[in-house]
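> any chance you can model this:
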Amino acid sequence: MTRTTAVETGWPVAATRPRRSCGRGWTIPLVAAMCAALAACAPVYTPGVSVEQPISRLTGQTLSAAGPGFRSRPDYRINLGDVLAIRFPRLPAYSDTFTVRPDGKISPPLIRSVLAAGRTSDELHDALTAAYRNLVHSVPPPSRRRYPVQVGDVLLVHFQYAPDLNSEVTVRGDGRISLPLVGDVVAERRTTDALRADLKARYTKKIDNPEVAVTVKEARPDIFEYKGVVQPVPDPALLDLSVNITKTVPLLVYVGGEVPAPGIQPYVNDVSAMQAIYTAGGPVPSGDMRSVVILRRGPNDGVVRVITDLGGDRSGPGAGDIALQPFDVVVVPRSTIAKIGDVMEQYIYRVVRPLANSSAGFFFTRQVGAVQQQSDTTTHTLPAP
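Here you go, the predicted model:
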């Protein structure tokens, strides 16, 4: 079989050996042109460099596969379903455990929610500390705060001109107090000024000149009302906290692409990308081990994308193998040769009828530094229809 090498251009070149005369001289140039166009459209993956993918979520930092420290074991990042213990040494009543929800968040005391998934325990500690610091500093000045009466508070109701009506009452569980002549009155979540005005209006129908005063004898010191919203007074001791991961979900890695058995594998400490690929059966002939893609969860639920060359590791010691982290996704992409072969079989042979009884081969060259590497020739033969 005759070969033609395009050393300078790197374009695929087709060569044919007709089994019978087809009588059409345009078939060889057509095949060559289509193979060249396909190779030109194929993405070029450079190890250690981020490339654009048709997945919008793939954003974030790109790490070099052979970069310093990449093989060292990183800090564990919190996952959905993990159980976290948040402790407040000076406020033990606030200490509790929290399970990371499907949205990746938890709801610690006095804070609606905070993102936990994708963060290390130290990063979550810093985020909680910042949130509680903002909460402490956001308390309005005393002149703008009001105290709302709560269940269990003890109130003194004093009548200036009718001392026989004076009462000391406790706010019941239903939020009401009981007073002479007027019966039950709602007191919960009302300020003393609002309660006094209500009592004066009620007693105006019962006695003359009902000058009344309401004071709180016993109250909860940890809440206040601001702009109609009742909220707790944040204690500065909230800034003294700790975060511990008490339970984790099963650790997994995912292997897909050009392997015989794609799927989920249990994560084992220091398992490498090469080990995971061969646990899935190793790359099939159509797999490109020179452009293995690893997707990894990064900070703030972003995605770190790494492209590494494992071709050298297959034939001997190499520097491309990477220690995986829990929930990494390893993808062995399809090689350019395999993609061209698919198109040749699916489109060219079936559309260009004279090639149905021919064997067509192609090869291409690849520039690697100052050395040009030439791929093996791939031959496809189809029987006559």
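
> chain neighbours aside, what residue packs nearest to Phe159?
Closest residue to Phe159 apart from its sequence neighbours, by CB to CB, 6 or more residues apart in numbering: Leu165 at 4.6 Å. Heads up, the C-betas are built off the backbone N, CA and C, glycines and all.

> where in the stretch 151-300 of the chain is pLDDT low?
Within the stretch 151-300 of the chain, the stretches with pLDDT under 70 are 299-300.

> for it, which segments are assigned as strands?
154-159, 167-170, 176-179, 183-186, 212-218, 223-226, 229-232, 242-247, 252-257, 263-266, 292-297 (DSSP state E, counting those that start in this stretch).

> burial-wise, tell me which of the ones you listed comes out on top.
Highest mean neighbour count among the strands of the stretch 151-300 of the chain (mean count of other CB atoms under 10 Å): strand 292-297, with a mean of 22.

> and the closest residue to Arg145 other than its chain neighbours, bridged to which residues?
Once flanking residues are discounted, Arg145 sits nearest to Phe224: 4.3 Å by CB to CB, 6+ apart. Counting by DSSP bridges, Phe224 is bridged to Gln231.

> quick check: Phe224 touching Val233?
Yes. The pair Phe224 / Val233 is scored as a contact, 5.9 Å apart, by CB atoms under 8 Å.

> tell me, what's touching these two both at once?
Val139 (CB atoms under 8 Å, 6 or more residues apart in numbering).

> circling back to that earlier point, so which of the strands of the stretch 151-300 of the chain gets nearest Asp82?
Closest approach to Asp82 among those (CB to CB): strand 242-247, 6.0 Å.

> just the CA atoms of that closest one, as CSV, please.
The C-alpha trace of strand 242-247 is given here as CSV (Å, rounded to 0.1, in the frame of the first residue of the first chain):
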residue,chain,number,x,y,z
SER,A,242,-15.8,25.3,65.4
VAL,A,243,-16.8,23.2,62.4
ASN,A,244,-16.2,19.4,62.3
ILE,A,245,-17.3,16.9,59.7
THR,A,246,-18.7,14.0,61.7
LYS,A,247,-20.0,11.8,58.8
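
> by contact count, what packs against the longest helix anywhere in the chain?
Counting residues, the longest helix found in the chain (DSSP state H) is helix 121-137. Helices and strands touching helix 121-137, by 3 or more CB pairs under 8 Å, 6 or more residues apart in numbering; DSSP states H and E, are strand 83-87, strand 114-115, strand 242-247.

> how about the contacts made by Pro210?
By CB under 8 Å, 6+ apart, Pro210 lies in contact with Phe159, Tyr161, Ala162, Leu199, Lys200, Tyr203, Thr204.

> around the residue nearest to it when sequence neighbours are not counted, count how many other residues there are.
In this structure, Pro210 finds its nearest non-sequential neighbour in Tyr203, 3.6 Å apart by CB to CB, 6+ apart. Taking other CB atoms under 10 Å as the criterion, the count of residues near Tyr203 is 22.

> contact partners for Tyr203?
Tyr203 makes contact with Phe159, Leu165, Leu181, Val182, Pro210, Val212 under the criterion CB under 8 Å, 6+ apart.

> again, only this time at 10 Å
Residues in contact with Tyr203 (CB atoms under 10 Å, 6 or more residues apart in numbering) are Val157, Phe159, Ala162, Leu165, Leu179, Pro180, Leu181, Val182, Asn209, Pro210, Glu211, Val212.

> touching, the last one and Leu199? I think so.
Okay, so that is Val212. Yes. Contact status for Val212 versus Leu199: in contact at 5.1 Å, counting by CB atoms under 10 Å.

> any common contacting residues for the two?
Residues touching both Val212 and Leu199 (CB under 10 Å, 6+ apart): Val157, Phe159, Leu179.

> apart from its chain neighbours, what residue comes closest to the last one?
Going back to what we said before, that points to Leu179. Ser167 (5.7 Å).

> re earlier: closest to Pro142 out of the strands of the stretch 151-300 of the chain?
Nearest of the strands of the stretch 151-300 of the chain to Pro142, taken as CB to CB: strand 223-226 at 8.9 Å.

> packing partners for that closest one?
Judged by 3 or more CB pairs under 10 Å, 6 or more residues apart in numbering; DSSP states H and E, strand 223-226 is in contact with strand 229-232.

> extract the C-alpha trace of the strand it packs on and format it as PDB.
Extracted in PDB, the C-alpha atoms of strand 229-232 (Å, rounded to 0.1, in the frame of the first residue of the first chain):
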ATOM      1  CA  VAL A 229     -39.700  42.400  62.600                       C
ATOM      2  CA  VAL A 230     -38.900  40.600  65.800                       C
ATOM      3  CA  GLN A 231     -35.300  39.300  65.800                       C
ATOM      4  CA  PRO A 232     -32.800  38.000  68.300                       C
END
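
> what's next to it, contact-wise?
109-110, 135, 138-139, 145-148, 150, 189, 220, 222-225.

> from these, which two are the most distant?
Pairwise distances across these (CB to CB) peak at 22.9 Å, for the pair Pro109 and Arg146.

> my read: Gly311 touches Ser291, true?
Yes. Under the criterion of CB under 10 Å, Gly311 makes contact with Ser291 at 8.9 Å.

> those two: who's more crowded?
Ser291 (23 against 16).

> wait, isn't the more buried one in contact with Pro283?
No. With contact defined as CB under 10 Å, Ser291 does not count as touching Pro283 (11.3 Å).

> so which residues of the stretch 251-385 of the chain form helices?
Per DSSP state H, counting those that start in this stretch, the stretch 251-385 of the chain carries helices over the ranges 273-279, 311-315, 336-343, 349-351.

> just the mean pLDDT for the longest one, thanks.
Along helix 336-343, the predicted confidence averages to a pLDDT of 62.

> re the thing from before, distance of the residue nearest to Arg145 relative to Val230?
In this view, Phe224 and Val230 are 8 Å apart by CB to CB, to the nearest Å.
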